[in-house]
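S.K.: Provide a 3D model corresponding to the input given below.
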Amino acid sequence: MSRRLDPRNWASLRPFGIGLRKPNNYLELWKAFKSVKGNRRYALRILNQGTCDGCALGTQGMRDWTMDEIHLCNIRLRLLPLNTMPALDISVLDDVSKLERKKSAELRELGRLPYPMIRRAGEPGFTRVSWDEALRVAADAVRGSRFGAYLTSRGMPNENYYAAQKAIRALGSNNIDNAARICHSPSTVALKQTIGAAATTCSYTDWIGSDLIVFIGSNPSNNQPVAMKYLYHAKKAGTRIAMVNAYREPGMDKYWVPSNAESALFGTKITDDFFGVNIGGDIGFLNGLLKHLIENDWLDEAFIEAHTKDFEKVRQTVAGQTWEELEALSGSTRAEMLRLAEMLGQARTAVLVWSMGVTQHAFGEDNIRAIVNLGLARGFVGRDKCGLMPIRGHSGVQGGAEMGAYATGLPGGLPVTPQNAAKFTDMWGFKVPGEPGLTVTDMIDAAHAGDLDVLISSGGNFLEVLPDPRYSREALARLKLRVHIDIVLSSQMLVEPTDGDVLLLPAQTRYEMVGGITETSTERRIIFSPEVEGPRIGEAWPEWKIFTELAARTRPEIAAGVHFTGTPQIRAEIERAVPFYEGIAALHKFGDNVQYGGPHLFAQGRFQTPDGRGLFTAVTLPDVVRPDGSFMVATRRGKQFNSMVHERIDRFNGAPREAVLISAFDADRLGLPDGTPVELRSGERTYNGKVLRAPLMPGNLQIHWPEGNILLDESRRSPDAHMPDFNAAVTLRRLTP
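M.R.: Here you go, the predicted structure:
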């Protein structure tokens, strides 16, 4: 790794990019310092002793395992107030009508939830109850009812996931799901089918010095900012970086890494080659790449022959897809597809990285299968500087499904079948259902239809994360009991029940949990994070205890089988239940970690499929309907973490939350200056915003998530993973100011 200055990669000669549009990372440090006034020593201990509860790169304090340099991202800084703030004054919950118009950020700023609270049907607000009373109410409601549970990914450790899914299954149901369902579930499905493991096959060190990295529908500069340091070093090592996306993300074009002197001063050109595609057009582009690889004999024939199957089916499928079809769907050209195909064909090593830009579609699984086809065709699996990487956005996502907190998966990612359920029945001593449960979207549908009585939501906010918030609001109101487990208030807690009760149960953060916790990073690294000395809030409990106590009180006869003495005991059981997590039980101090599978999965060329071969998939072209004169709109993230919006304006592109990003070509064609108020319409759904020109593919628009969710059809989901489609075909109309 070269430490010499390299002006070829500099983004600007202006010191620190003064006068250019970009985030001010040093200002972020100052804001974080101000935001934890009164708890700064505790905040510093969290930063130095804990594993980040933000993005899923995983750190040891402010360092990690990819390079021996300081790592501190803006996401982690913005989460500090949540981890250090004092308790809220519970009198504000006496009458929630006073809170209903507050924004989510304002609700969070009121402080931490300190005590169990209940709102009975017809009451204006919440009153404090004991844990005994709260658990009695919950147990009475769950016993004999139709219920489900959902866990968000916000800082959620493996121990909470594991204990929660075990508790729900002890209650006789597989109706448990987590936030991975609405971010990477198509990756889970497609990777399981094609290579047998729903995880990245490589490590972050493989980025540095690889011939090529291709980002497909992924924007680490916003969502995994610590990764930008890896890309800086990759550029220094000669790695070429390409991006396939509808929008040329400014942060992926140029980035100033604040902890590196050269990049902080002059910035770094990140993306060498940008390839524009239509929203929903990825398969057309990806299949076009494969078609070029085949026609130009840029294949790793030896790898295909020795380690894969069904390639001939794929060869025939893409041969039958005309260039005109591929161009029309993708919005790209045959020549542009050839340009990237040649880069892939000439690269000895490459890493393919993707995220929610390709998963959050009604055909998300096929998007991933098409990416896997490219990796297998070039043999970019199982060796240094190569890999397939579904990069995760949150610290708890990778571990959620692997712990079994999934309606369709048991611990270890085993599919829910009678045979696999019998294995855990024997292990746990109570009967585990053998049929898949309701996914999170299924649960909302069931609640809306009156077919679900109780919903337990640990974190999350369905009003902000799912399509059509009105539909989710109606569903939540119809439940007989809602149990919200969280550290702060959210707007979904305030939804008035039609004829039911609402419980608020205060949770601990990962830094408060006795015995410490673990998280699993994007690169499959299981990392220990110790309890951090500091103030504690009221009567908050760890979530593993809340779920297991609920199960024990609902079914006293199986109480002994679900109780845990603490997180060390949970880790010991995880090691028995999930064999590839071997070593987790021994993690007990700061810095302890183990990377399951080693630096590379399939290093011997044998995949985790039944026959040990990687599976090619014949991916057909989706029918993306866009009537004449309409646009495809995607929901994007700005300055936010999940649905927690941190700033009204995204400093990367200057977009306020109400911005409708549009290409200059379309804006000029329609005579729409920046700031013009417009209405987007999809059927009966409408969204009002203001035009902002952006380097976007013509015919495509972007609006912010979650504000734009009101445009989305809640019924559009992918066939296997039940991923909601976070995109829509819309018409655009100028509004009179």
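
S.K.: quick one: low-confidence ranges for the stretch 501-650 of the chain?
M.R.: Applying pLDDT under 70 to the stretch 501-650 of the chain flags residues 640-641, 644.

S.K.: One more: the chain?
M.R.: Along the chain, the model assigns pLDDT under 70 to residues 1-2, 640-641, 644.

S.K.: got the contact list for whatever helix or strand residue 463 lives in?
M.R.: Per DSSP states H and E, residue 463 falls inside helix 462-465. With Cβ atoms under 8 Å, 6 or more residues apart in numbering as the test, helix 462-465 has contacts from 104, 179, 182, 444, 469, 472-473, 475-476, 491-492, 495, 642-643, 706, 709. Just so you know, the C-beta spots here come from the backbone N, C-alpha and C atoms, and that holds for glycine as well.

S.K.: which ones are touching residue 54?
M.R.: By Cβ under 8 Å, 6+ apart, the contact set of residue 54 is 73, 75-76, 78-79, 394-395, 641.

S.K.: Distance of the residue lying closest to it once chain neighbours are set aside relative to residue 85?
M.R.: Leaving out its chain neighbours, the residue that sits closest to residue 54 by Cβ to Cβ, 6 or more residues apart in numbering is residue 75, at 3.7 Å. Using Cβ to Cβ, to the nearest Å, we find residue 75 at a distance of 17 Å from residue 85.

S.K.: which of these two has more neighbours?
M.R.: More crowded of residue 75 and residue 85, by other Cβ atoms under 10 Å: residue 75, with 25 against 21.

S.K.: Provide the secondary structure category for that one.
M.R.: The three-state label given to residue 75 by DSSP: H, G, I helix; E, B strand; the rest coil is helix.

S.K.: mind listing what it touches?
M.R.: If you count contacts by Cβ under 8 Å, 6+ apart, residue 75 has them with 52, 54-55, 225, 641.

S.K.: can you rerun that using 10 Å?
M.R.: 28, 52-55, 222-226, 393-395, 640-642, 644, 646 (Cβ atoms under 10 Å, 6 or more residues apart in numbering).

S.K.: three-state assignment of the closest residue in space to residue 673 that isn't next to it in sequence?
M.R.: Distance criterion Cβ to Cβ, 6+ apart; nearest residue to residue 673, sequence neighbours excluded, is residue 691 at 7.1 Å. Under three-state DSSP, residue 691 falls in the strand class.

S.K.: Helices of the stretch 351-500 of the chain, start to end?
M.R.: Along the stretch 351-500 of the chain, counting by DSSP state H, counting those that start in this stretch, helices occupy 356-359, 364-377, 397-402, 418-428, 440-448, 462-465, 469-477.

S.K.: circling back to that earlier point, from memory the residue nearest to residue 673 sits against residue 679, does it?
M.R.: No. Counting by Cβ atoms under 10 Å, residue 691 stays clear of residue 679, with 11.4 Å between them.

S.K.: where do the contact lists of these two overlap?
M.R.: In contact with both residue 691 and residue 679: 660, 732, 734, using Cβ under 10 Å, 6+ apart.

S.K.: Just the element for the residue nearest to residue 573 when sequence neighbours are not counted, please.
M.R.: Using Cβ to Cβ, 6+ apart and skipping the chain neighbours, the partner closest in space to residue 573 is residue 162 (7.3 Å). Element membership for residue 162, per DSSP H and E: helix 158-170.

S.K.: buried sites along that helix?
M.R.: With burial defined by 16 or more other Cβ atoms under 10 Å, the residues of helix 158-170 counted as buried are 158-170.

S.K.: quick one: which two of the residues you listed are the most distant?
M.R.: 158 and 170 (18.4 Å; Cβ to Cβ).

S.K.: what about residue 496, how many neighbours?
M.R.: 17.

S.K.: what's the neighbour count on the closest residue to it other than its chain neighbours?
M.R.: Excluding its sequence neighbours, the residue lying closest to residue 496 (Cβ to Cβ, 6+ apart) is residue 477, at 6.4 Å. For residue 477, the count of nearby residues is 16 (other Cβ under 10 Å).

S.K.: which residues does residue 494 contact?
M.R.: With Cβ under 10 Å, 6+ apart, residue 494 has these contacts: 93, 96-97, 99-102, 107, 119, 125-126, 463, 484, 502.

S.K.: three-state assignment of residue 532?
M.R.: coil.

S.K.: I'd like to know how far it sits from residue 43.
M.R.: Distance of residue 532 to residue 43, computed by Cβ to Cβ: 10 Å.

S.K.: what residues do the two have in common as contacts?
M.R.: Counting by Cβ under 10 Å, 6+ apart, the residues touching both residue 532 and residue 43 are residue 83.

S.K.: Which residue ranges of the stretch 151-300 of the chain form strands?
M.R.: All strands of the stretch 151-300 of the chain, identified by DSSP state E, counting those that start in this stretch, fall at 176-178, 212-216, 240-245, 254-255, 268-269, 273-276.

S.K.: And the shared contacts of residue 691 and residue 679, which of them are buried?
M.R.: The neighbour count (16+ other Cβ under 10 Å) marks 660, 732 as buried among these.

S.K.: would you turn the shared contacts of residue 691 and residue 679 into CSV with distance to residue 583 and secondary structure?
M.R.: Listed next are these as CSV, based on distance: Cβ to Cβ, whole Å; DSSP: H, G, I helix; E, B strand; the rest coil:
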residue, distance to residue 583, secondary structure
660, 49, strand
732, 54, strand
734, 60, strand
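
S.K.: hmm, back to that, wait, which of the helices of the stretch 351-500 of the chain is closest to residue 554?
M.R.: Closest approach to residue 554 among the helices of the stretch 351-500 of the chain is made by helix 418-428 (15.6 Å; Cβ to Cβ).

S.K.: quick one, helices of the stretch 601-737 of the chain?
M.R.: 664-670.

S.K.: which residues touch residue 94?
M.R.: 123-127 are the contacts of residue 94 under Cβ under 10 Å, 6+ apart.

S.K.: quick one: it and residue 499, what's the gap?
M.R.: Going from residue 94 to residue 499 by Cβ to Cβ gives 21 Å.
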